[in-house]
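Asker: just coords:
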């Protein structure tokens, strides 16, 4: 079984903390960009990226997917 030591969304290359687009991050929350946005039930609804906390982690975490420096 793989270890989850060091696993955290804020160290993943797919974590978007909004700092690059000039928006202010709320706490340690960000958007997970690993998968495409989740569609909404309304026909005119926009797709939404999942909101995650910086210390969350998922089963996709690997050392190869850590954030680029």
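Answerer: Yep, it's here. Nothing here was measured: the structure is a model prediction, and the numbers come from that model.
Asker: now the helices for this protein?
Answerer: Counting by DSSP state H, the chain has no helices at all.
Asker: now the strands for it?
Answerer: Along the chain, counting by DSSP state E, strands occupy 15-16, 29-32, 51-53.
Asker: stretch 6-16: which residues count as buried?
Answerer: By neighbour count on 16 or more other Cβ atoms under 10 Å, the buried set for stretch 6-16 is 7, 8, 9, 10, 11, 12, 14, 15, 16. C-beta here means a position set from N, CA and C on the backbone, and glycine is covered the same way.
Asker: quick one: which of those residues is nearest to residue 45?
Answerer: Lowest distance from residue 45 to the buried residues of stretch 6-16 (Cβ to Cβ) belongs to residue 16, with 20.4 Å.
Asker: name the nearest residue to the closest one, ignoring sequence neighbours.
Answerer: residue 31 (4.3 Å; Cβ to Cβ, 6 or more residues apart in numbering).
Asker: can you read off the pLDDT for the one you found?
Answerer: pLDDT recorded at residue 31 is 91.
Asker: quick one: it and residue 9 touch, right?
Answerer: No. The pair residue 31 / residue 9 is not scored as a contact, 9.6 Å apart, by Cβ atoms under 8 Å.
Asker: between the two, which contacts overlap?
Answerer: Residues touching both residue 31 and residue 9 (Cβ atoms under 8 Å, 6 or more residues apart in numbering): 15, 52.
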